[in-house]
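Participant: here's my sequence, what's the structure:
(chains A and B)
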Amino acid sequence: MNVGLEHYLTVSAMLFCLGLLGVILRRNVLVIYMSLELMLNAANLALVAFSRFNENLTGQMMVFFIITVAAAEVAVGLALIVALYRKRQSAHVEDLTSLKL
Amino acid sequence: MALPDILFYLFAFLTLLFGALVVANPFSRNPVTSAMFLVLTICAMAGLFVLLNAFFLAAVQILVYAGAVMVLFLFVIMLLDLKEEQRRKINLFGIVTGTGAVLGLGFLLTRTIWGGDLNQAANPRVIGDTKALGLELFTKGQFLLPFEIVSVLLLVAMVGVILLSKKELK
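Facilitator: Numbers count the residues shown, from 1 in each chain, chains lettered A, B, ... in the order given. Predicted coordinates:
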């Protein structure tokens, strides 16, 4: 069987699930953030695959913008993590409960 | 099996293997190890992009993600100087329900992908090289406004990061 859109989408779905699993199971803020990046990359892979197999470059343009926004998001998120660490001396999600009622 | 198909299975396997090692590494709980495996995941994914004829995005993926973003991650990890993560009480209920939910989602996604008609071209020949993407970005007109907005977004992010990194937040 030739490799088609389904195969790429399956890889993308599995990678997304792996990232989600990391966000749910891990307790280190930095590792959770890396898992988020993994999920974002899975979405990118799906978009590129759709773009290729529908013969339309719009999907690749979208990935281009997503990568730009992701870079900005990483910078802001990591600055937030550093600020939090400075206040709490911990990068463990169970120590960051000030929003808990 | 043709060479692109073999390469697809190789890169897909590597992507998923390294991705799993980012999330759960049996040998090390150090965030630096996770970051290094994330770099490998991204490189394997760039290989998949090349197989999809998205050459420009494959290069950008390596330059921006494996280069800039991961350097930022490693800087922060080393700046925080995390001590060896001590073992905490494992929340078994959370692990079981979380894994169950994720497996359910994965099952639903795969079923949807393989169950429906995806309307794909039999012999795709679109090529995402720099020239094609540049023409799409700058001559079609529909991406000019998003392009400008993204540039403003980068400026806002830069100002925000500087503000957040100041010694005392007002």
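
Participant: please report how far the spatially most central residue of chain B lies from A:Met34.
Facilitator: Note on chain B: the residue nearest the mean C-alpha position is B:Ile42, at 6.2 Å, using C-alpha atoms, centre = their mean. Separation of B:Ile42 from A:Met34 (C-beta to C-beta, to the nearest Å) stands at 11 Å. Any C-beta I mention is one placed from the backbone N, CA and C, and that applies to glycine too.

Participant: B:Ile113 now?
Facilitator: In this structure, B:Ile113 lies at 25 Å from A:Met34, with C-beta to C-beta as the measure.

Participant: likewise B:Val96?
Facilitator: Taken as C-beta to C-beta, the span from B:Val96 to A:Met34 is 23 Å.

Participant: which of the two has more neighbours?
Facilitator: A:Met34 (27 against 10; other C-beta atoms under 10 Å in any protein chain shown).

Participant: isn't B:Ala35 up against A:Glu37?
Facilitator: No. Contact criterion C-beta atoms under 8 Å: B:Ala35 and A:Glu37 do not qualify, at 10.0 Å.

Participant: identify all contacting residues around the longest helix along chain B.
Facilitator: Criterion DSSP state H: the longest helix present in chain B is helix B:92-115. For helix B:92-115, contacts defined as C-beta atoms under 8 Å, 6 or more residues apart in numbering or on different chains pick out A:6, A:9-10, A:13-14, A:16-17, A:20-21, A:24-25.

Participant: can you check stretch B:70-86 too?
Facilitator: Stretch B:70-86 has contacts (C-beta under 8 Å, 6+ apart) with A:27-28, A:30, A:33-34, A:74-75, A:78, A:81-82, A:85, A:91-92, B:29-32, B:35, B:38-39, B:42.
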